[in-house]
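Peer 1: Give the three-dimensional model of this entry:
(chains A, B, C and D, ligands or ions: 6)
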Amino acid sequence: MSVGTATRVGALPLANPIMAASGTFGYGLDLVEFCPPERLGAVVTKGLSPRPRLGNPTPRIVETAAGMINAIGLQNIGVEAFCCDALPVLRERGAVVAVNVFGERMEEYLEVMERCEREDGIAAYELNVSCPNVTAGGMEFGHEPVQLERLTRMCRAATRRPVWVKLSPNAPDLVATARAAVAGGADALTLINTLRAMAIDAAARRPVLARGCGGLSGPAIKPIALRMVWEVHTALPGVPLVGIGGVETGRDAVEFLLAGASAVQVGTAIFRDPGAPLRVLSELEHFCAEHGVAEVSSLIGGLQWP
Amino acid sequence: MSVGTATRVGALPLANPIMAASGTFGYGLDLVEFCPPERLGAVVTKGLSPRPRLGNPTPRIVETAAGMINAIGLQNIGVEAFCCDALPVLRERGAVVAVNVFGERMEEYLEVMERCEREDGIAAYELNVSCPNVTAGGMEFGHEPVQLERLTRMCRAATRRPVWVKLSPNAPDLVATARAAVAGGADALTLINTLRAMAIDAAARRPVLARGCGGLSGPAIKPIALRMVWEVHTALPGVPLVGIGGVETGRDAVEFLLAGASAVQVGTAIFRDPGAPLRVLSELEHFCAEHGVAEVSSLIGGLQWP
Amino acid sequence: MIPRRDLPVRVAARAELSPTCFRLTLSTPEVIDAAPGQFGMLACGGTFDPLLRRAFSLAGVVRRGGLSEVELLIKEVGRGTTQLRHIAVGAELRLLAPLGKGFTLEAGDRPLALVAGGIGLPPVLFAAEVLAARGAAFDLFVGAVSRPELLEVERCGRAAASVGGELVLATDDGSRGEGGFVTDAVERRLEAGQSYARALTCGPNPMLAAMAKVGRRRGVEVELSLEEAMACGVGVCLGCVVELSDGRVVPSCKEGPVFTAERLAARWWS
Amino acid sequence: MIPRRDLPVRVAARAELSPTCFRLTLSTPEVIDAAPGQFGMLACGGTFDPLLRRAFSLAGVVRRGGLSEVELLIKEVGRGTTQLRHIAVGAELRLLAPLGKGFTLEAGDRPLALVAGGIGLPPVLFAAEVLAARGAAFDLFVGAVSRPELLEVERCGRAAASVGGELVLATDDGSRGEGGFVTDAVERRLEAGQSYARALTCGPNPMLAAMAKVGRRRGVEVELSLEEAMACGVGVCLGCVVELSDGRVVPSCKEGPVFTAERLAARWWS
Ligand SMILES: Cc1cc2nc3c(=O)[nH]c(=O)nc-3n(C[C@H](O)[C@H](O)[C@H](O)COP(=O)(O)OP(=O)(O)OC[C@H]3O[C@@H](n4cnc5c(N)ncnc54)[C@H](O)[C@@H]3O)c2cc1C
Ligand SMILES: Cc1cc2nc3c(=O)[nH]c(=O)nc-3n(C[C@H](O)[C@H](O)[C@H](O)COP(=O)(O)OP(=O)(O)OC[C@H]3O[C@@H](n4cnc5c(N)ncnc54)[C@H](O)[C@@H]3O)c2cc1C
Ligand SMILES: Cc1cc2nc3c(=O)[nH]c(=O)nc-3n(C[C@H](O)[C@H](O)[C@H](O)COP(=O)(O)O)c2cc1C
Ligand SMILES: Cc1cc2nc3c(=O)[nH]c(=O)nc-3n(C[C@H](O)[C@H](O)[C@H](O)COP(=O)(O)O)c2cc1C
Ligand code: FES
Ligand code: FES
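Peer 2: Ligands and ions are numbered 1, 2, ... in the order given. Predicted coordinates for the structure are as follows:
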């Protein structure tokens, strides 16, 4: 049985619902032989700031039970280098690109977007207002509904392209922040970013990470991510969601779709398997074929509550 | 090298810092041959309500990556049966008993405590205001600082014994709820309870648990629990904390002590190993001996921030 | 009765029994005194994947050359059982056993009916071999979806024959033995006037319910071995509860896994 | 140069080398063309425990009977390496390799100094055997805390001897070879007038820093193979970054793991 994989995130049509997540796939070109970006529904870039960032001191990562904590601190080459070096190649390959946007101040989000507006071949913006690993910017916008609505409105006004807001699972009130983003004009919500967490070196009596705390990702957080996607989906039924958190297999992707996501991102799994997003896609198609699902999109929000 | 294991939770002295967690060790007598309750710092009972509760329909548990989700729904024999059947035996054995108290209304917390006040051999009360698996009571008190302060004050006034408040990791503002509990007179804070989570049966298109959502526990949540213990410890340095969340080994216990916990509870690990709390204790002593730590209590809050 | 313990066991042998099932033989110096219907919680490995132990009915316990050999018959259905299917002979595991309450084997002068469906065979086979050793009479009914999923047929035959009992095979697709459900095969015997002291049953829930109904119609006491999802296996997590006819909700790992049908809430038998 | 791939490999052999270290031989039909100093990311097993792959320098790659055999020398230090130490011969794993940039082996007419400390031996041994095969001159310096932790001494001796080079052993406690740090042994040779085209070094960070300083003092170029915690090994997680002398912060898995000392930020060599 052949399975239709097409989906849409709001107005944006995608060939399939599987994306590579921000910060886990570089700028889309590092793993081409394992996972050609053009074969995915979309690739999300590492968070881009107006100017290059060096990120945090090391150690920046530590493994935990079925997960990992990272405190990269948004090291990135800056929007200019991205537009000059990576974007043309991605465009050339025909990849669908979502730019993950980060700024320490609201204006910086706009700076990044304004630079991108001069370029073709960008399908959407994903506002990262949920990075737990930076001192300025990041979560502060994601935790405060009023701030978030303002930021989203500003960004929304700066482009015709879809604007996604990536929500923080650490926000005091997830649904309130989701509402704020939607009120500000977000076309879709991506959730979840990493959960604030800490690992301790018992012998050294110090945190393992140079920065102390970081963000937890991987299979460990999937049950929390699924719950949050479902929670936002039920609170805001019409709002397109992009689900993410611990996706390792096609079955995981199905679970996020059922919970209400229109598309699914694969992050940490890429570190275990550089071809993970493509594998997840083929496992997803296989699952659908096995279970008589003709259209992947028919799974979206299909969860039956007990 | 011989290691001193004595610690105190506020005014309550304990022979050692390792406790069996509420809901994972029955009423302290189900696993005596693997883990004699009197050998532990303390045992915390399953959450007790004024009258017996039947709990939620099954399935109530599901395994996840390095964790499990439960939605037991506080099934328990009721405070009366506990006081008549289990408590005398625990007293007889010389176990240090903390009663985990649950009510659907504030008055019910008092009912449970009043019944317990008529009994000797109860060392402390642990108010469960953080159970994600009941429709009434539980989290509603734990998420709202004003409510929590009121409840804590009422309970505090009802006894001379130490009152611990078990915090919810799902609360909008962890530190605010911690402050509220302390303002209400809590002698110590236990954290964390389970994180709200969901597992989905992709083929059946339903949540795995009959109740839909449940609470995530086990190694998967340890990095989040450690972060929360440290966060509350730094915000409220003087307040005694009981750390819990994914403790499987003596090293894990050391990590919680370093993060600021005066004692550590072992929960889900008991399902993997019925002797887990005792094993954790001996591993803890071994770690201290190896690292020249003469007194376990000297580890408390010893984390050096980078 | 020797108490439950957390036994360090060695994988002594692994054998394929069907496209989906295999036999695991675990050995330990400890003496194990277990009753058919009791089970063990097996730690599939030392790691956090899988996190929890897995519950398996004991399919047999024999003492051989100073060692106790515990047999498990396992169907590969997910993470843990897949790891077990590929585990190296010689690997060290832990088995918390024996747990729970088993079948009632005492039968007076009438024979017992032993009824197994699919991977419900292990505790029933254990019962059959214990009864055979005692020379107690029984008929053995073994059902499966189809021929290749019938397990340990020779052993079943030997056990039944040794006490002059019948081995009745049934497959849903009729590819071997009588066609249709094994519980129908039992009912046909009862219809034909055969009388049993009790039916000891293990299998998928629909089959257990069917057997309970047959027992009710025909006035035969039925014991069912239930399979609830378990985290601890020792009564402390309350994950595995079942509702009883008196309204109580009890952990099946402790009060069960074997229950007489009438003790269970009505949906099981009415 | 054959590109990196995610190779399905079979555990062909496992051998103990010391109280803490062992050799793993992985075989695959694929042809692997790797340079000394390059590494692989090994998936210790299919499960989530451990979640991430582990980075190991390639200690050798030989083509034998239609198969490529990849050698790893591994020190047991935690979860993953403990699992690998007990892995069954015949087990199937995945190895993402070859990764990163290796040592510079071209040396003109002067010999190379190959310097290894502890479990830093694998890439240095690989270099030694490649150079030996080419007939290029080198001296081989191998250090360890004490005698039992000196690995593959015979192989090291053979490689060095085959090109008339010296094998210098050093142990911190003097239990074998010269006493004290291996970097001091190198410096003594330089002091004595010996001249090297370059020093290729792998070992614990303090030893790398010491070697960089020796090189600086004595005017010998030094290449260091770094060990940063890695999640992906392919440049996408940015977990393994190192700071360069020009202020740039680069992933050591991609720009390294081998760097010339001067390319690294000053704390490495000043
Ligand atoms: C008392 C008892 C006796 C059993 N005896 C046997 C036996 O002799 N042979 C055999 O093959 N199986 C038996 N089972 C079922 C066996 O426990 C499950 O098939 C096994 O746990 C599946 O684990 P998994 O990791 O492969 O599957 P997964 O689906 O990955 O398991 C995920 C979780 O669900 C639980 N689970 C999954 N299926 C079942 C099930 N059918 N019953 C209970 N829990 C389940 C697991 O314990 C685990 O916690 C028995 C179950 C119980 C409760
Ligand atoms: C480029 C490179 C080459 C290496 N070559 C070798 C080699 O040839 N032989 C060898 O024995 N070891 C080598 N190592 C170190 C090896 O990767 C670690 O010892 C191993 O990852 C430890 O895993 P574990 O699960 O046993 O330890 P754990 O402490 O349980 O590992 C926990 C986490 O920390 C990371 N980690 C722990 N120690 C190190 C370390 N020293 N360097 C980097 N990451 C670490 C692990 O990758 C894992 O993510 C190399 C490391 C790198 C970066
Ligand atoms: C190393 C690393 C770097 C990340 N960088 C970013 C980033 O730059 N921007 C962003 O929005 N999310 C970033 N994330 C979060 C992921 O995109 C994703 O939301 C999170 O990891 C959960 O998904 P996962 O469990 O599949 O990894 C990063 C995650 C990791 C592990
Ligand atoms: C099956 C189960 C039942 C629980 N019941 C209770 C309870 O009755 N009262 C309570 O305060 N916490 C209860 N908890 C929460 C635990 O006490 C503990 O806070 C949580 O599981 C995290 O610790 P762990 O990871 O060590 O299990 C329960 C947890 C589990 C897994
Ligand atoms: S499995 Fe835990 S109570 Fe039965
Ligand atoms: S390990 Fe991921 S970038 Fe180097």
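
Peer 1: The residue of the stretch 151-270 of chain C found nearest ligand 3 and residue C:54: what is the separation?
Peer 2: Ligand 3 sits closest to residue C:231 of the stretch 151-270 of chain C, with a gap of 24.6 Å, by C-beta to the nearest ligand atom. C-beta here means a position set from N, CA and C on the backbone, and glycine is covered the same way. Separation of residue C:231 from residue C:54 (C-beta to C-beta, to the nearest Å) stands at 11 Å.

Peer 1: So for these two, which residue has more residues nearby?
Peer 2: residue C:231 (29 against 21; other C-beta atoms under 10 Å in any protein chain shown).

Peer 1: quick one, what contacts that one?
Peer 2: Under the criterion of C-beta atoms under 8 Å, 6 or more residues apart in numbering or on different chains, the contact list for residue C:231 reads B:61, B:63, B:68, B:70, B:268, B:271, C:52, C:237, C:239, C:240.

Peer 1: and the third one, bridged to which residues?
Peer 2: When assigned by DSSP bridges, residue B:68 has beta-bridge partners residue B:63, residue B:217.

Peer 1: wait, doesn't it sit right on residue B:269?
Peer 2: No - counting by C-beta atoms under 8 Å, residue B:269 is not a contact partner of residue B:68; they are 11.1 Å apart.

Peer 1: Name the residues contacting each of the two.
Peer 2: residue B:218.

Peer 1: so which residue of chain C comes closest to ligand 2?
Peer 2: The nearest approach of chain C to ligand 2 comes at residue C:47, 11.5 Å away (C-beta to the nearest ligand atom).

Peer 1: Equivalent analysis for the stretch 151-300 of chain A, please.
Peer 2: Closest point on the stretch 151-300 of chain A to ligand 2, by C-beta to the nearest ligand atom, is residue A:208, at 8.5 Å.

Peer 1: For that residue, give me the pLDDT.
Peer 2: According to the prediction, residue A:208 has pLDDT 98.

Peer 1: what does the stretch 101-250 of chain C have sitting close to chain B?
Peer 2: C:228-232, C:234-242, C:249 (C-beta under 8 Å from any C-beta of the partner chain).

Peer 1: What number of residues are in the vicinity of residue C:178?
Peer 2: Neighbours around residue C:178, by other C-beta under 10 Å: 16.

Peer 1: For residue C:42, which three-state class applies?
Peer 2: Following DSSP: H, G, I helix; E, B strand; the rest coil, we place residue C:42 in the strand state.

Peer 1: For it, which residues are in contact?
Peer 2: C:26, C:53, C:54, C:55, C:56, C:72, C:84, C:93, C:94, C:95, C:96 are the contacts of residue C:42 under C-beta under 8 Å, 6+ apart.

Peer 1: Show me where the chain has its helices.
Peer 2: Answering for chain A, as no chain was given. A:78-81, A:87-93, A:106-117, A:139-143, A:145-157, A:174-183, A:222-235, A:250-258, A:269-272, A:276-290 (DSSP state H).

Peer 1: ah, no, chain C please
Peer 2: C:79-85, C:121-134, C:153-162, C:182-191, C:205-218, C:252-255.

Peer 1: Point out the most buried one among the ones you listed.
Peer 2: Comparing those by mean neighbour count (mean count of other C-beta atoms under 10 Å in any protein chain shown), helix C:121-134 ranks first with a mean of 24.

Peer 1: any weak-confidence spans in the stretch 51-200 of chain A?
Peer 2: Within the stretch 51-200 of chain A, the ranges that satisfy pLDDT under 70 run A:135-139.

Peer 1: What residue in it comes nearest to chain D?
Peer 2: Nearest residue of the stretch 51-200 of chain A to chain D, counting by C-beta to the nearest C-beta: residue A:61, 3.6 Å away.

Peer 1: Give the closest residue to residue A:110 in space, chain neighbours not counted.
Peer 2: residue A:158 (5.5 Å; C-beta to C-beta, 6 or more residues apart in numbering or on different chains).

Peer 1: The one you found against residue A:117, yeah?
Peer 2: Yes - in this structure, residue A:158 is within contact of residue A:117 by C-beta under 8 Å, at 7.2 Å.

Peer 1: which one of those two has more residues nearby?
Peer 2: Ranked by neighbour count (other C-beta under 10 Å), residue A:158 and residue A:117 place residue A:158 first, with 18 against 14.
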